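Asks: Just need the structure, nothing else, for what follows:
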Amino acid sequence: MFHASTLNSIVIPGLAVLALGYAAFATDVMRPRAERLAPLAEPPARPFSHAVAAVGLVEPDSELIRVGPRVPGWVERVHVRAGESVTANQALFTLDGVGLRAELSLRQEGVALAEARLERLRAMPRAEDVTIAGARVAESKSRLADATDDLRFLDNVTDKRAIREEELSHRRDAVATAEAALAHEQAQLDKVLAGAWKEDLAVAEREVAQAKANVARTAADIEQLTVRAPIAGVILKLDARAGQYAAAGELSEPLLVMGSAPPWCVRVDINEEDARKVSPASKAIAMPRGDAATRLEMEFVRFEPYVVPKRALSGHATERVDTRALQAIYRLTDSGSRLFVGEQVDVYIERLDGANENVVESVGK
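Replies: Residues are numbered from 1 along each chain as shown. A predicted model of the protein is given here:
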């Protein structure tokens, strides 16, 4: 039999040799190997011998229009769908207006009441009022005649000693009172015959105008509940739903985004160090992401005069966080290209001699 020390001197070194061999084998098998794989999409190739590369964003010619309500409220009805073409002033969605419609009905009743009051003044005098006033004038004339006869009777008495001075004074006062009463009743008759006072008519007419203005104001408030298209174009994004609360003012996520119909434009961010290497006369080609074989020609529209912070950094060594970009607007000449608003495209702009001066002059305009 083998001694224990002999066994240990044989088995343990043998296990060590086996472990070392397995480690060498496993290291060789599991070692990562670099393999050259074909790219998922061919990278874009520069179409010009001297070109400036940039990134563009597809947008409508009118730029994006973020549409929202002028007043807050609950969405009652949505009239359009995403992708639908609309005309200028077409209704997009309507807010709930139950309270305003009830107020409009009340305002309209106020107009009817004010107009009825005005017509009542214009219809004056009433025939019944003329008859009554005329009868009072006749009555006053009769009383005056009676008082005048009584006074004449006393004046015809030859012996004034037979008449008391108080009685004569009383008869004269009665005549004066009858004359005043007749003048009053005659004035009342003239007033009735003259109809409504012109100042009363003016006040009534102003009340009618004010009531109609209140109706127009409420109708305008109701009209504001319907959000309409500012231009003819296409609905690009629609987040308005019936029953949803719509806040007024500028929102981080607008309820509706629209823009003019194709052909689309491309807003190109040109790095500030390349801004003076392009000109309006430079040719420009756009390539959709993932489709380098498709090359879309573009025509220059304008430079945006204000240089803005760059939104998307490429990670190039010369690019900093505070890199700024000159934005150039190009219009796609191929209106049938399958591009979507908001899609990014790779843009190459041909570099021409004299671009330095041309771009400065164009931005200055």
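Asks: Please give me every residue in contact with G134.
Replies: G134 makes contacts with L189, as judged by C-beta atoms under 8 Å, 6 or more residues apart in numbering. Using the backbone N, CA and C atoms, a C-beta is placed for each residue, glycine as well.
Asks: distance between whichever strand or helix holds it and the chain's centre?
Replies: Per DSSP states H and E: G134 is located in helix 127-155. Relative to its chain's centre, helix 127-155 lies at 73 Å (C-alpha atoms, centre = their mean, to the nearest Å).
Asks: and if you look at stretch 121-131?
Replies: With C-alpha atoms, centre = their mean, you get 53 Å for stretch 121-131.
Asks: Show the average pLDDT along that stretch.
Replies: What stretch 121-131 shows for mean pLDDT is 87.
Asks: cool, and stretch 178-190?
Replies: Across stretch 178-190, pLDDT averages out at 89.
Asks: and it, which residues are buried?
Replies: The neighbour-count check on stretch 178-190 (16 or more other C-beta atoms under 10 Å) flags 178, 181-182, 185-186, 188-189 as buried.
Asks: Show me the contact partners of it.
Replies: Residues outside stretch 178-190 that contact it (C-beta under 8 Å, 6+ apart): 130, 133-134, 136-137, 139-141, 143-144, 146-148.
Asks: which ones are touching E128?
Replies: For E128, no residue meets the contact criterion (C-beta under 8 Å, 6+ apart).
Asks: how does it look with 10 Å?
Replies: E128 sits next to V192 when contact means C-beta atoms under 10 Å, 6 or more residues apart in numbering.
Asks: pLDDT below threshold where in the chain?
Replies: 1-9, 11, 28-30, 33-34, 37-42, 154, 157-163, 312-322, 335-337, 353-365 (pLDDT under 70).
Asks: Throw the contacts of stretch 178-190 into JSON lines and include distance to A275, thanks.
Replies: Output for the contacts of stretch 178-190, formatted as JSON lines (distance: C-beta to C-beta, whole Å):
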{"residue": "V130", "distance to A275": "91"}
{"residue": "A133", "distance to A275": "92"}
{"residue": "G134", "distance to A275": "96"}
{"residue": "R136", "distance to A275": "97"}
{"residue": "V137", "distance to A275": "98"}
{"residue": "E139", "distance to A275": "103"}
{"residue": "S140", "distance to A275": "101"}
{"residue": "K141", "distance to A275": "104"}
{"residue": "R143", "distance to A275": "106"}
{"residue": "L144", "distance to A275": "106"}
{"residue": "D146", "distance to A275": "112"}
{"residue": "A147", "distance to A275": "110"}
{"residue": "T148", "distance to A275": "111"}
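Asks: Just give me the closest of the residues you listed to K277.
Replies: V130 (96.2 Å; C-beta to C-beta).
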